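J.: Just need the structure, nothing else, for what follows:
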Amino acid sequence: MLQINQTLSGLSHLYRYNGDLRYQLNFWHNDLGVSAGQEFKLSVQDNALSVIPQSEVYTQPRVADDQHVYLAERTVLEGAPSMSKHWYLFENREALLAAVQTARAATVIVGIDNSYQLLELAQQLHDMREQCGPDLKIVVREMEPSVRYRDERLLLACGANLIVPDGTLLSRFLSMLESVQGQRWQYTQNIDFATLLERQRPPQIRGLVSPRVFYETIEQIYEDSSGEVTHQLMKFQPVPGLSEELFLNQMCLRRFGDIACLLGDELYLFLFACRADGLDPALGNICRLPWRDMFVQRRVLSGLSDLPEEAFMQADSVPSYLHIPIENTVLQAAPGVNERAPLTPKRLTLPISEHRHDVS
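T.: Alright, predicted model coming up:
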């Protein structure tokens, strides 16, 4: 474009997006100056195109280089005023998204305060990234604890450059914004939102399964994965003399995608969407007793290549004392195992001593 800058007045194109007719002005120059990165919604009336007036407050004219512009929801600044003339604050998400349509390299900041907003936010990030390209810097600030590891990976895959965790001080948050300046989003574009969402969704299976089902499930997960989410595959060696029933009754797998199987005298465990630094807390939630009290060794495996495929594929059963269908089995205490009477409050009367002991 620069090579023919003096030949062409500019470059623009007309296209349809989400049912709207839009005019994208990539670059234009004349005697009045240069304009770029603008977009207008059009309507067709009497075989003529007309611009639909925008009611949003944001009317700052755009230039080709908007890398120093910040477009943010007002709530992310915790009541603080605009940081500079380059900051534009919006009262709601709709107004912010309307302004972002003309951005190219600006920093966009959105907040999230509950997990119910996650899928809608992920879709909005995906739309922003698809429309504005990889130079846009998108930052998500967690205003309340609401983003789990799997959610974080989804937001990053949909377009976020940075996710700021809950509890981050405002001064630290502003410093983190500086760290994304000059960044270019590195994820693969042109992947539809439904595909990205499906990659993050765990299989609808959990608990104790047969070695064959265990192997086939993990194989399918790895085939469908594109590396956005990390999983944990482990092998445990039980304490000698500890029966399978005893240590299984001390474990509970509640999340879909978390499965286990017994092969020989070893327990294999797969945790879906679990980071390496979150492994010990995860095992603490799964095991009623500390896992080191039940197993003498834990080995983290790198993937399917560490599993003996033939042995897994030939084993298609679970322990006979578990009478629940394989696909619905959850490792939990069987009825009658380690049951105790419910605790009830009792009145206690402390005797009053006839002697007083003074401490000086």
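J.: Centroid-nearest residue for this structure?
T.: Most central in the chain under C-alpha atoms, centre = their mean is Asp151, positioned 1.8 Å from the mean C-alpha point.
J.: how close does the residue lying closest to it once chain neighbours are set aside get to Ala160?
T.: Nearest non-adjacent residue to Asp151, counting by C-beta to C-beta, 6 or more residues apart in numbering: Leu118, 5.3 Å away. C-beta here means a position set from N, CA and C on the backbone, and glycine is covered the same way. Separation of Leu118 from Ala160 (C-beta to C-beta, to the nearest Å) stands at 12 Å.
J.: Between the two, which is the more surrounded one?
T.: Higher neighbour count among Leu118 and Ala160: Ala160, with 24 against 18, using other C-beta atoms under 10 Å.
J.: What ranges does the chain have for its helices?
T.: Secondary structure of the chain by DSSP state H: the helices cover 93-100, 118-132, 149-158, 170-179, 193-200, 211-224, 244-248, 279-286, 291-294, 309-314.
J.: Next, count neighbours for the residue nearest to Asp293 when sequence neighbours are not counted.
T.: Using C-beta to C-beta, 6+ apart and skipping the chain neighbours, the partner closest in space to Asp293 is Val239 (7.6 Å). Using other C-beta under 10 Å, Val239 has 13 other residues around it.
J.: Hmm, Arg292 and Val239 touching each other?
T.: No - applying C-beta atoms under 8 Å as the test, Val239 and Arg292 come out as separate, 9.3 Å apart.
J.: Strands along the stretch 1-150 of the chain, start to end?
T.: For the stretch 1-150 of the chain, the strands defined by DSSP state E, counting those that start in this stretch occupy 10-17, 20-30, 33-45, 48-51, 70-73, 87-90, 107-112, 137-142.
J.: okay, those strands in TSV with mean neighbour count, mean pLDDT and distance to Phe312 next?
T.: Formatted as TSV, these follow (neighbours: other C-beta atoms under 10 Å; pLDDT from 0 to 100; distance: least, C-beta to C-beta, whole Å):
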stretch	mean neighbour count	mean pLDDT	distance to Phe312
strand 10-17	12	72	48
strand 20-30	15	71	53
strand 33-45	15	70	54
strand 48-51	10	83	63
strand 70-73	22	95	50
strand 87-90	19	94	54
strand 107-112	24	96	40
strand 137-142	24	96	40
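J.: in the stretch 151-300 of the chain, which ranges drop under the pLDDT threshold?
T.: 188-190, 226-227 (pLDDT under 70).
J.: For Lys85, give its distance to Gln181.
T.: Distance, Lys85 to Gln181, using C-beta to C-beta: 17 Å.
J.: do Ala106 as well
T.: Distance from Ala106 to Gln181, by C-beta to C-beta: 11 Å.
J.: and if you look at Ser50?
T.: 38 Å.
J.: Would you map out the domains in the chain?
T.: Domain ranges of the chain: 1-53, 57-195, 202-328, per automatic domain parsing.
J.: Tell me how far the longest one lies from the chain's centre.
T.: I take that to be domain 57-195. How far domain 57-195 lies from its chain's middle: 15 Å, per C-alpha atoms, centre = their mean, to the nearest Å.
J.: what residues are up against Cys158?
T.: For Cys158, the contact set (C-beta atoms under 8 Å, 6 or more residues apart in numbering) comprises Ala122, Gln123, Leu125, His126, Arg129, Phe193, Leu196.
J.: what do you get for Lys137?
T.: For Lys137, the contacting residues are Ala105, Ala106, Thr107, Val108, Asn161, Leu162, Val180, Gln181, Gln183, by C-beta under 8 Å, 6+ apart.
J.: Using JSON lines, please lay out those together with distance to Asn285.
T.: Output for these, formatted as JSON lines (distance: C-beta to C-beta, whole Å):
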{"residue": "Ala105", "distance to Asn285": "42"}
{"residue": "Ala106", "distance to Asn285": "41"}
{"residue": "Thr107", "distance to Asn285": "37"}
{"residue": "Val108", "distance to Asn285": "35"}
{"residue": "Asn161", "distance to Asn285": "31"}
{"residue": "Leu162", "distance to Asn285": "28"}
{"residue": "Val180", "distance to Asn285": "33"}
{"residue": "Gln181", "distance to Asn285": "39"}
{"residue": "Gln183", "distance to Asn285": "35"}
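J.: before we move on, the earlier item: quick one: which of the contacts of Cys158 has the lowest pLDDT value?
T.: Lowest pLDDT within these is found at Leu196 (80).
J.: my read: the residue nearest to the centre of the chain touches Gln117, true?
T.: No - counting by C-beta under 8 Å, Asp151 does not reach Gln117; the two are 10.3 Å apart.
J.: what ranges do the strands span in the stretch 251-360 of the chain?
T.: So, for the stretch 251-360 of the chain - with DSSP E, counting those that start in this stretch - the strands run 259-263, 266-271, 295-301.
J.: Can you add distance to Leu25 and give those back as TSV?
T.: Shown next, in TSV, are those (distance: least, C-beta to C-beta, whole Å):
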stretch	distance to Leu25
strand 259-263	53
strand 266-271	50
strand 295-301	53
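J.: and Glu73, which of the ones you listed is closest to it?
T.: Comparing the strands of the stretch 251-360 of the chain against Glu73 with C-beta to C-beta, the closest turns out to be strand 266-271 (34.3 Å).
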